[in-house]
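*Asks:* Here is the input, now give the coordinates:
(4 chains)
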2 protein chains.
Amino acid sequence: MAKNIHDIAKAAGVSITTVSKVINNRPHVSPKTRARVQQVIRDEQFIPNHTARGLVQGKSKTIGMFLTTGLTHPFFSRVVVGLEKALKETGYDLLYLVQFDMGSDYSIVQHCLSRNVDGVLIFGFQSHDLNFEEMLQSGIPTIFIDMDFTGPRAGYITSENIDSIKTAVRYLHQLQHQRIAFINGHLDSYVGKQRFEGYRLAMQELELPYDPGYISIGDFSKESGYAAMKEFLKLSNGPTSVICCSDMIALGVLEAAAEAGLSVPDDLSVIGFDGIEMSKHTQPALTTIQQDFLTLGEQAIRSLNEMIHSPNLPPPSIIVPTNLVIRDSCAVCPL
Amino acid sequence: MAKNIHDIAKAAGVSITTVSKVINNRPHVSPKTRARVQQVIRDEQFIPNHTARGLVQGKSKTIGMFLTTGLTHPFFSRVVVGLEKALKETGYDLLYLVQFDMGSDYSIVQHCLSRNVDGVLIFGFQSHDLNFEEMLQSGIPTIFIDMDFTGPRAGYITSENIDSIKTAVRYLHQLQHQRIAFINGHLDSYVGKQRFEGYRLAMQELELPYDPGYISIGDFSKESGYAAMKEFLKLSNGPTSVICCSDMIALGVLEAAAEAGLSVPDDLSVIGFDGIEMSKHTQPALTTIQQDFLTLGEQAIRSLNEMIHSPNLPPPSIIVPTNLVIRDSCAVCPL
DNA sequence: ATTTGTATAGAAAACGTTTTCCGATATTCA
DNA sequence: TGAATATCGGAAAACGTTTTCTATACAAAT
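*Replies:* Numbering: from 1, shown residues only, chains lettered A, B, ... in the order given. A predicted model of the protein is given here:
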């Protein structure tokens, strides 16, 4: 059953060297011999053993993937569709490396070297727990998604964050809102910092009052959105609109508003971030900043592929544009 | 940087054999020597090369995964959380094998052998395109999720399908519904067949009229649910309740009903299947058959792990119970 | 006819481990 | 004290490839 290169060589009446040359489309094999070997390979359904090949070449045709937040990453499942597409194009399989403990002294670099991965994808927003310095210096081609680490062989890709929030603020401003609240995700996350910066800058540019009471720090979850909105509702002079750093936060806001008897969008305008499937089906349908998850995933793998094949290319820093999808959760300010 | 077993041996003043024994906790090493070697391993942050180990052992500490439907699998992202948990427990990494074309003559068995995976997970409902016969006979431990293939080294795991639908039918019957429609997923899928069987049996047991006009074959998508409901609405004597084979189908039904001016649950009762996050947030909140995705994923990996370590164990056929979650989309029949 | 050059093909080393086997040393027992 | 027996440690083969290097055969050029 399990054929190897020796069996093929014997069956074709040549040496294993010659078979190897045929497999890898190398010269120095006569057309006649090549054809014969190819026929045998086809007949026997022979596929060379990746493991052995990987051992001698130090390559594995595999991209390793770490998720800093586990699979609870809010839109992992969307990005991964893009990954899949680009993986097919570029010929890699994807190794999801779960055998590491965040925060332990276990070295993710060692794990990558041990697995011989050709490149690494690191995903998420929990930057503090892992020893990325070591990764950056390892020389293993690396792409970070939603973290802005760079190094001689490490780049990153993320959605447009600052301008996205600016656009959202401007949109609300056009609707005559002045009291615009902002519910962030984790403040120590890269995207959290960026989005907050976008909010700050836009408020400044439009000369809107910057009120610390209108700013809440959540954790991307629905619960944190709900809690934040409850706090806003206690204010005597509460916000008339809320920009949320995730659709899940927005969902919590919607729920808190409904409980308080506020109508969205008539009494309160709400903008989400992400554009997950659910945002179409909320009541009312959520106006949100749509991330282009497919492109995010595709570009991550394509960039990695380029970095692997062109060691001298500087690693990319890619910002993927977003799109403000206007649905039914925003209206002209009632005041 | 990239240490190997020779470096460790040299540093510890022993042979590579001894280092290997220490790494693998084998006997015939004195406590003193063992301690010294362990110290060096720790100091150098040495991790043995998986690839080399895999080559000699024919193992890889890796579970291969094929998705017959790609990542558009409706609840892949949920199951995968359970996978992750059990993978950590059992010590495997997960290799997502994308380098195969469904329907081509490319052999997934060869791919698995080539990658040296210790076990394989096959996911989804498109059974017709792949050559599973070969897989079943390969002797590679295999678990199918949502397909009922079995073999000497292949088992499967799926949610309770027949009884789940029976429970749903009985529930509607208790609410005095007689005209109960059923919107299936792909009929050629295992779960589709099973769920339809559940519907048929329950209708029979309760002596409810079995009307072919009340049965629609969709594809698990929202669009197919929408289309099916549109058809039901054309009937002079339409159903008063609908059981859907997925929450997405139910979402389409809800939309079609709303467009037709029907109130759910007052005019029409709707039951979904899956219990995806979104089902909590529909209008009205959807009564649905909740699958236990976490257990599905966990058990899949644990079973695989057992099969790998106990070659004589008969492969399991596991049915994971579901739970009818009653929310706001069903009411007593208005007639 | 001798040299030079050019395909073609194969032998052997290498990749980093595990595993089998054997030798050496220490321990036990008569 | 000598033999039998554990225990420990290492040499070498093996896993299935790629890669480098060498050998052969034959054609072309002198």
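*Asks:* Can you tell me which residues in chain A are near DNA strand D?
*Replies:* Within chain A, the positions near DNA strand D by CB under 7 Å from any atom of the strand are A:2-6, A:16-17, A:19-21, A:23-24, A:46, A:48-49, A:52-53, A:55-57. Backbone N, C-alpha and C define where each C-beta goes, glycine included.
*Asks:* Could you pick out the buried ones from those residues?
*Replies:* Members of these that pass the buried threshold by neighbour count (16 or more other CB atoms under 10 Å in any protein chain shown) are listed as A:K3, A:I5, A:V19, A:S20, A:K21, A:I23, A:F46, A:P48, A:N49, A:A52, A:R53, A:L55.
*Asks:* any chance you could map the helices in chain A?
*Replies:* A:5-12, A:16-23, A:31-44, A:50-57, A:76-90, A:108-115, A:132-138, A:162-174, A:190-205, A:222-234, A:247-259, A:293-309 (DSSP state H).
*Asks:* which one of these is the most hemmed in?
*Replies:* helix A:247-259 (a mean of 24; mean count of other CB atoms under 10 Å in any protein chain shown).
*Asks:* So which other helices or strands are in contact with it?
*Replies:* Counting contacts by 3 or more CB pairs under 8 Å, 6 or more residues apart in numbering or on different chains; DSSP states H and E, helix A:247-259 packs against helix A:222-234, strand A:241-244, strand A:269-274.
*Asks:* out of these, which comes closest to DNA strand C?
*Replies:* Among the helices and strands packed on helix A:247-259, strand A:269-274 comes nearest to DNA strand C, with 42.3 Å by CB to the nearest atom of the strand.
*Asks:* In the sheet, which strands lie alongside the closest one, parallel or antiparallel?
*Replies:* Next to strand A:269-274 in the sheet, as set by DSSP bridges, lie strand A:241-244 (parallel), strand A:287-290 (parallel).
*Asks:* what residues does that strand touch?
*Replies:* For strand A:269-274, contacts defined as CB atoms under 8 Å, 6 or more residues apart in numbering or on different chains pick out A:74-75, A:164, A:168, A:171-172, A:175, A:177, A:195, A:240-251, A:253-254, A:257, A:264, A:279, A:286-291, A:324, A:329-331, A:333.
*Asks:* contacting residues for the residue in the stretch 101-250 of chain A positioned nearest to DNA strand C?
*Replies:* Closest residue of the stretch 101-250 of chain A to DNA strand C, CB to the nearest atom of the strand: A:S114 (7.5 Å). Counting by CB under 8 Å, 6+ apart, A:S114 makes contact with B:I47, B:P48, B:N49, B:H50, B:T51.
*Asks:* from those, which single one is nearest DNA strand D?
*Replies:* Closest to DNA strand D, out of all of these and judged by CB to the nearest atom of the strand, is B:T51, at 8.9 Å.
*Asks:* Could I get the contacting residues of the closest one?
*Replies:* Shown in contact with B:T51 (CB under 8 Å, 6+ apart): A:T51, A:G54, A:L55, A:S60, A:S114, A:R115, A:N116.
*Asks:* Centre of the chain to stretch A:173-190, how far?
*Replies:* 22 Å (CA atoms, centre = their mean, to the nearest Å).
*Asks:* tell me which residues of it are tucked away?
*Replies:* Within stretch A:173-190, the residues that count as buried by 16+ other CB under 10 Å are A:173, A:177-186, A:189-190.
*Asks:* Could you export the helices of chain A as JSON lines, including mean pLDDT?
*Replies:* Listed next are these as JSON lines, based on pLDDT from 0 to 100:
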{"stretch": "helix A:5-12", "mean pLDDT": "94"}
{"stretch": "helix A:16-23", "mean pLDDT": "96"}
{"stretch": "helix A:31-44", "mean pLDDT": "94"}
{"stretch": "helix A:50-57", "mean pLDDT": "95"}
{"stretch": "helix A:76-90", "mean pLDDT": "90"}
{"stretch": "helix A:108-115", "mean pLDDT": "89"}
{"stretch": "helix A:132-138", "mean pLDDT": "86"}
{"stretch": "helix A:162-174", "mean pLDDT": "98"}
{"stretch": "helix A:190-205", "mean pLDDT": "96"}
{"stretch": "helix A:222-234", "mean pLDDT": "96"}
{"stretch": "helix A:247-259", "mean pLDDT": "96"}
{"stretch": "helix A:293-309", "mean pLDDT": "96"}
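*Asks:* Just send these back as TSV, with distance to A:D274 too.
*Replies:* Converted to TSV, the helices of chain A look like this (distance: least, CB to CB, whole Å):
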stretch	distance to A:D274
helix A:5-12	49
helix A:16-23	45
helix A:31-44	48
helix A:50-57	37
helix A:76-90	9
helix A:108-115	27
helix A:132-138	25
helix A:162-174	11
helix A:190-205	11
helix A:222-234	12
helix A:247-259	5
helix A:293-309	9
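*Asks:* of all these, which lies closest to B:A86?
*Replies:* helix A:76-90 (18.0 Å; CB to CB).
*Asks:* So that closest one, near chain B or not?
*Replies:* Yes. Using CB under 8 Å from any CB of the partner chain, helix A:76-90 reaches chain B at A:F76, A:S77, A:V80, A:V81, A:E84, A:L87, A:K88.
*Asks:* and those residues near DNA strand C, which?
*Replies:* Okay, of the residues of helix A:76-90 next to chain B, nothing touches DNA strand C (CB under 7 Å from any atom of the strand).
*Asks:* ok, which pair from those is furthest apart?
*Replies:* Across those (CB to CB), the longest gap, 18.7 Å, separates A:F76 and A:K88.
*Asks:* can you list the residues of the stretch 51-200 of chain A near chain B?
*Replies:* Checking the stretch 51-200 of chain A against chain B by CB under 8 Å from any CB, the hits are A:51-52, A:54-55, A:60-62, A:70-72, A:76-77, A:80-81, A:84, A:87-88, A:91-99, A:107, A:110-111, A:113-116, A:138.
*Asks:* can I get the helices and strands packed on helix A:247-259 in CSV with distance to A:A11?
*Replies:* As requested, the helices and strands packed on helix A:247-259 are exported to CSV (distance: least, CB to CB, whole Å):
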stretch, distance to A:A11
helix A:222-234, 62
strand A:241-244, 64
strand A:269-274, 56
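*Asks:* who's in contact with A:P27?
*Replies:* The contact partners of A:P27, taken as CB under 8 Å, 6+ apart, are A:K21.
*Asks:* Could you report the separation of it from chain B?
*Replies:* A:P27 is 25 Å from chain B, where distance means CB to the nearest CB, to the nearest Å.
*Asks:* Distance-wise, check that residue relative to A:V56.
*Replies:* According to CB to CB, to the nearest Å, A:P27 stands 20 Å off from A:V56.
*Asks:* still on that earlier bit, so which of the helices of chain A gets nearest A:I319?
*Replies:* With CB to CB, the closest approach to A:I319 among the helices of chain A belongs to helix A:162-174: 8.8 Å.
*Asks:* Confirm for me that A:L172 is in contact with A:P265.
*Replies:* No. Using CB atoms under 8 Å, A:L172 is not in contact with A:P265; the gap is 10.7 Å.
*Asks:* what separates the closest residue to DNA strand D within the stretch 51-200 of chain A from A:H6, distance-wise?
*Replies:* Closest to DNA strand D within the stretch 51-200 of chain A is A:A52: 3.3 Å, counting by CB to the nearest atom of the strand. Distance from A:A52 to A:H6, counting by CB to CB: 12 Å.
*Asks:* likewise A:G218?
*Replies:* Distance, A:G218 to A:H6, using CB to CB: 61 Å.
*Asks:* next one: A:Q99
*Replies:* Using CB to CB, A:Q99 is found at 33 Å from A:H6.
*Asks:* Same question for A:F149.
*Replies:* Distance, A:F149 to A:H6, using CB to CB: 45 Å.
*Asks:* what's the answer for A:S246, then?
*Replies:* Using CB to CB, A:S246 is found at 56 Å from A:H6.
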